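Engineer: Just the structure for this:
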Amino acid sequence: MKLYLKFDTNIALKKIIQEQLDQLQVKYAYLGFAEIEIDDSVSGLEMGKIDACLNNYGIQIVENQKSVLVQRIKDAIIEMVNSEEKLPTSNSAYLSDKLKQRYGYLSSVFTEITYTSIENFILLQKAERAKQLISTNELTFTEIAYILNYSSVAHFSNQFKGITGITPSAFQRIILKRRENSNKIK
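Structural biologist: Below you'll find the model as predicted:
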């Protein structure tokens, strides 16, 4: 039997961190998406255990200040794109406000560390979100374009194709065909 899952990455991440740190009996405070504060008395050995437990889930502890900022930028973008609300009209204003930094500085640090732009990262995240929305088969392409703040369905379709190599319609057909085939196997 094949199951199709819809999930909230924020809730999943928080639950994984909570379970792992509780299991290790580490005192912590969850500050927000991908940000926790732990007791300063944690030893190097305990930090190694925390790191190993989180690594099992693909979660890494970031220590370099610029890398921390880049991770916070990525987290803010992922949170923004996966929000149930319509995306803001100005990504730069949203990020500046959310991270309390000038956008020019955020952009230069992001590019320096990742070798790509914030705008490219946003487009990739929007494409991933579009795939999720298309897969649920609950919204029209017009509604998806609106939620992801595209000016038109054509603009959405062109950017989706530029990133994935196929149109949203072709992606939807592939998903429907896979579901059809998996239902025949049963």
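Engineer: who are the neighbours in contact with residue 84?
Structural biologist: When the contact criterion is Cβ atoms under 8 Å, 6 or more residues apart in numbering, residue 84 has no partners at all. Placement of C-beta: from N, CA and C, glycine included.
Engineer: now residue 13: how far from residue 80?
Structural biologist: Distance of residue 13 to residue 80, given as Cβ to Cβ, to the nearest Å: 16 Å.
Engineer: who's more crowded, these two?
Structural biologist: Using other Cβ atoms under 10 Å as the criterion, residue 13 and residue 80 rank with residue 80 on top: 20 against 17.
Engineer: Could you check how far the more buried one is from residue 90?
Structural biologist: Separation of residue 80 from residue 90 (Cβ to Cβ): 11 Å.
Engineer: Same check on residue 107?
Structural biologist: Using Cβ to Cβ, one gets 13 Å for the distance from residue 107 to residue 90.
Engineer: same question, residue 105
Structural biologist: 17 Å.
Engineer: Quick check: residue 111 is in a strand.
Structural biologist: No. Counting by DSSP: H, G, I helix; E, B strand; the rest coil, residue 111 is not found in a strand; it is helix.
Engineer: isn't it right up against residue 119?
Structural biologist: No. Using Cβ atoms under 8 Å as the test, residue 111 is too far from residue 119 to be in contact (10.1 Å).
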